[in-house]
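> what's the 3D shape of this:
(one chain, ligands or ions: 1)
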Amino acid sequence: MAYGDTVAVDGLDLTVERGTITAVLGPNGAGKTTTLETCEGYRRPQAGTVRVLGLDPQADRTALLPRIGVMLQSGGAWSGVRAVEMLRHVASLHAHPLDVGLLVDRLGLDECGRTPYRRLSGGQQQRLGLAMAVVGRPELVFVDEPTAGMDPQLRRATWQLLEEMRGDGVTVVLTTHYMDEAERLADTVHVIDHGRLIASGTPFELTRGTGNSTIRLVVTEPFPPGAPASLQATLGPDTDVRPVNAQSLLITGPADASTLAKVSAWCEQHGVLPESLTLGQRTLEDVFLQITGRELAS
Ligand SMILES: Nc1ncnc2c1ncn2[C@@H]1O[C@H](COP(=O)(O)OP(=O)(O)OP(=O)(O)O)[C@@H](O)[C@H]1O
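Predicted coordinates:
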């Protein structure tokens with residue numbers, strides 16, 4: 001998919017298993033929303049094939065719509081409609097909707113139930129969008145950045161709701177740039193960057209499954225030129241050294257006493273004073289940095 005000269009999605013090949021939560025994770029502009037909108041039938045792919053529940057999202061739109069729920073990144077309701085009225089209206093379009101009152105309660109929408117849509121805060125609009133996506137008991141729900149702008153309590157409530165839906169057999173596809181959200185919720189994570197798939201797997205496979213840990217080396221002054229390559233040569237091929245910024249390196253590999261001793265010796269030889277040397281489990285952020293050389297948040 002391209003918008004003029006901007007290629008938003010480039011040969012992306014992925015499959016989602018029924019009854020699971022899949023997270024499409026990537027930085028801003030990676031192509032997450034374009035991917036979802038193509039699956040939802042809002043965009044026609046310029047090449048390739050998309051099938052949702054076995055159907056073509058554009059040609060079979062009428063058959064598909066009652067079976068899927070869609071939460072857009074923004075919008076989706078009339079500007080003057082009150083929040084709960086909108087939700088009741090969407091519920092009335094479905095044969096067996098969820099109990100609107102319960103959903104309002106779960107997502108804290110009672111605080112703004114009589115507020116017109118255009119006056120809702122960003123977080124309230126998000127919650128209403130999520131409620132509208134799930135109220136029809138879809139088989140498959142697409143949620144674009146479901147917890148952006150939510151406070152921690154509502155984030156947890158949202159996660160719980162999505163987990164319960166999975167428990168009821170619903171397939172959930174969400175986009176996020178929050179790694180903790182992907183790690184906590186998703187059965188499968190697809191990491192995308194510049195419209196391409198760069199890694200896929202369960203959060204465990206992508207992080208701890210390699211048996212590797214991480215060492216984060218932060219130093220008091222910027223590293224001398226060529227430091228990552230020099231430390232890489234010292235540590236050998238079982239270890240991967242990536243610059244995070246001028247004063248920080250991420251080392252992925254066996255975080256054992258021997259590696260730590262080599263890192264310390266390298267610091268001494270190169271006149272570098274460590275400010276901290278932190279051992280940790282590999283996170284999805286580390287995976288992204290290792291593959292792209294950039295931080296996901298940047
Ligand atoms: N309607 C459009 N016209 C032109 N370019 C667009 C349009 N929509 C998206 N793009 C561009 O396509 C690329 C992918 O955008 P997309 O919204 O799919 O990414 P994203 O991963 O969802 O980003 P974000 O996390 O910021 O929502 C970006 O470079 C974006 O600027």
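
> name the element Gly271 belongs to?
Using DSSP states H and E, Gly271 sits within no helix or strand.

> separation between it and His89?
The span separating Gly271 from His89 equals 68 Å under the rule Cβ to Cβ, to the nearest Å. C-beta coordinates here come from the backbone N, C-alpha and C atoms, glycine included.

> Can you pull the residues of the chain lying near the ligand?
The interface of the chain toward the ligand, taken as Cβ under 6 Å from any ligand atom, is made up of 3, 6, 8, 26, 28-34, 177.

> Show me those residues that map onto strands.
3, 6 (DSSP state E).

> now the residues of the chain next to the ligand in CSV, with neighbour count, pLDDT and distance to Asp286?
Output for these, formatted as CSV (neighbours: other Cβ atoms under 10 Å; pLDDT from 0 to 100; distance: Cβ to Cβ, whole Å):
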residue, neighbour count, pLDDT, distance to Asp286
Tyr3, 9, 88, 31
Thr6, 11, 86, 28
Ala8, 20, 85, 26
Gly26, 25, 89, 15
Asn28, 9, 87, 19
Gly29, 13, 88, 21
Ala30, 23, 90, 17
Gly31, 24, 92, 22
Lys32, 26, 92, 20
Thr33, 19, 92, 25
Thr34, 22, 93, 26
His177, 17, 84, 15
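
> Flag every buried residue along stretch 250-266.
250-253, 255, 259, 262-263, 266 (16 or more other Cβ atoms under 10 Å).

> Out of these, which is nearest to the ligand?
Leu250 (23.1 Å; Cβ to the nearest ligand atom).

> where does the closest one land in three-state SS?
strand (DSSP: H, G, I helix; E, B strand; the rest coil).

> Pull the contacting residues for it.
214-216, 241-244, 286, 289-290 (Cβ atoms under 8 Å, 6 or more residues apart in numbering).

> Show me just the buried residues among those.
Applying 16+ other Cβ under 10 Å to the contacts of Leu250 flags 214-215, 241-244, 286, 289-290 as buried.

> got TSV for those residues, with secondary structure and pLDDT too?
Formatted as TSV, these follow (DSSP: H, G, I helix; E, B strand; the rest coil; pLDDT from 0 to 100):
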residue	secondary structure	pLDDT
Thr214	strand	89
Ile215	strand	92
Val241	strand	94
Arg242	strand	91
Pro243	strand	92
Val244	strand	91
Asp286	helix	85
Leu289	helix	85
Gln290	helix	82
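
> quick check, nearest of those to the ligand?
Closest to the ligand, out of all of those and judged by Cβ to the nearest ligand atom, is Leu289, at 17.7 Å.

> quick revisit: okay if I get the buried ones among the contacts of Leu250 as a markdown table plus distance to Pro138?
Supplementary listing: the buried ones among the contacts of Leu250 in a markdown table, determined by distance: Cβ to Cβ, whole Å:
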| residue | distance to Pro138 |
| --- | --- |
| Thr214 | 38 |
| Ile215 | 44 |
| Val241 | 45 |
| Arg242 | 40 |
| Pro243 | 44 |
| Val244 | 40 |
| Asp286 | 34 |
| Leu289 | 35 |
| Gln290 | 36 |
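
> Which of the residues of the chain next to the ligand fall in helices?
32-34 (DSSP state H).

> low pLDDT regions in the stretch 101-250 of the chain?
210 (pLDDT under 70).

> what about the strands in it?
140-144, 171-176, 188-193, 196-201, 213-219, 240-245, 248-253 (DSSP state E, counting those that start in this stretch).

> can you pull the contacts of the residue of the stretch 101-250 of the chain found nearest the ligand?
Closest contact between the stretch 101-250 of the chain and the ligand, by Cβ to the nearest ligand atom, is at His177 (5.6 Å). Residues in contact with His177, defined by Cβ under 8 Å, 6+ apart, are 25-28, 32, 145, 296-297.

> Looking at these, which one is closest to Leu206?
Leu25 (9.7 Å; Cβ to Cβ).

> need the contact list for the closest one.
Counting by Cβ under 8 Å, 6+ apart, the residues that Leu25 touches are 32, 175-177, 179, 182, 189-192, 284, 296.

> pretty sure Pro254 is touching Leu235, no?
No: counting by Cβ atoms under 8 Å, Pro254 does not reach Leu235; the two are 9.7 Å apart.

> show me the contacts for Val191.
Counted by Cβ under 8 Å, 6+ apart, Val191 has contacts 25-26, 197-200, 206, 284, 287-288, 291.

> And for it, nearest residue in space, chain neighbours not counted?
Ala199 (4.3 Å; Cβ to Cβ, 6 or more residues apart in numbering).
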